[in-house]
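1. the following block contains a protein sequence and its predicted model.
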Amino acid sequence: MQSLYPMKYKSINLTEKLGLVTEQWAPRVVAEMNDYQFKVVKLEGDFIWHSHKETDETFLVLEGDLRIDFRDGAVQIGAGELFVVPKGVEHKPYAGKEVKLMLIEPRGVLNTGDAGGERTAKNDVWI
């Protein structure tokens, strides 16, 4: 029996996708699973303090070293490592040199969380 919805089987090459990213601090969606999006992003320098009241946020570092500051400490995340920031916890990412990473979070989550402002990237942009 032939499917009414033909499926295209193709892996997603994260190196290729990151090569298409030209802006920093501007997450781009590469895949979706249920209501969760997988986003690639390049970061360098300091971001802003923010939180996500409704959801956890996962940072998976692909290249480089990322520090996430919290009001009561910090965590260092290297290539091949991940960290989950619990919902409602205020945090501020920092990268001394360019970091390439994947964010995993529900569809609709803004990069600046509840802080908003000029650093807010367009949401749901696929690459």
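-> Alright, I've got the coordinates.

2. which of the helices or strands spans the spatially most central residue of the chain?
-> By CA atoms, centre = their mean, the chain has its centre lying nearest to L103, at 2.4 Å. Taking DSSP states H and E as the criterion, L103 maps to strand 91-106.

3. how far out from the middle of the chain is that strand?
-> Relative to its chain's centre, strand 91-106 lies at 6 Å (CA atoms, centre = their mean, to the nearest Å).

4. OK, contacts around the residue nearest to the centre of the chain?
-> Contacts of L103 were listed using CB atoms under 8 Å, 6 or more residues apart in numbering, and they are 27, 37-41, 57-60. No exception for glycine: its C-beta is placed from N, CA and C like everyone else's.

5. ok and the host helix or strand of V61 relative to strand 91-106, angle-wise?
-> When elements are assigned from DSSP H and E, V61 belongs to strand 57-63. With axes from the mean of the first three to the mean of the last three CA atoms, to 10 degrees defining the directions, strand 57-63 sits at 100 degrees from strand 91-106.

6. which stretches of this protein form helices?
-> Using DSSP state H, the helices of the chain run over residues 14-19.

7. before we move on, the earlier item: for the contacts of L103, give me a markdown table that also has neighbour count, pLDDT and distance to T112.
-> Listed next are those as a markdown table, based on neighbours: other CB atoms under 10 Å; pLDDT from 0 to 100; distance: CB to CB, whole Å:
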| residue | neighbour count | pLDDT | distance to T112 |
| --- | --- | --- | --- |
| P27 | 27 | 97 | 11 |
| Q37 | 22 | 98 | 16 |
| F38 | 20 | 98 | 19 |
| K39 | 26 | 98 | 14 |
| V40 | 25 | 98 | 18 |
| V41 | 22 | 98 | 13 |
| E57 | 23 | 97 | 12 |
| T58 | 16 | 98 | 17 |
| F59 | 23 | 98 | 15 |
| L60 | 19 | 98 | 20 |
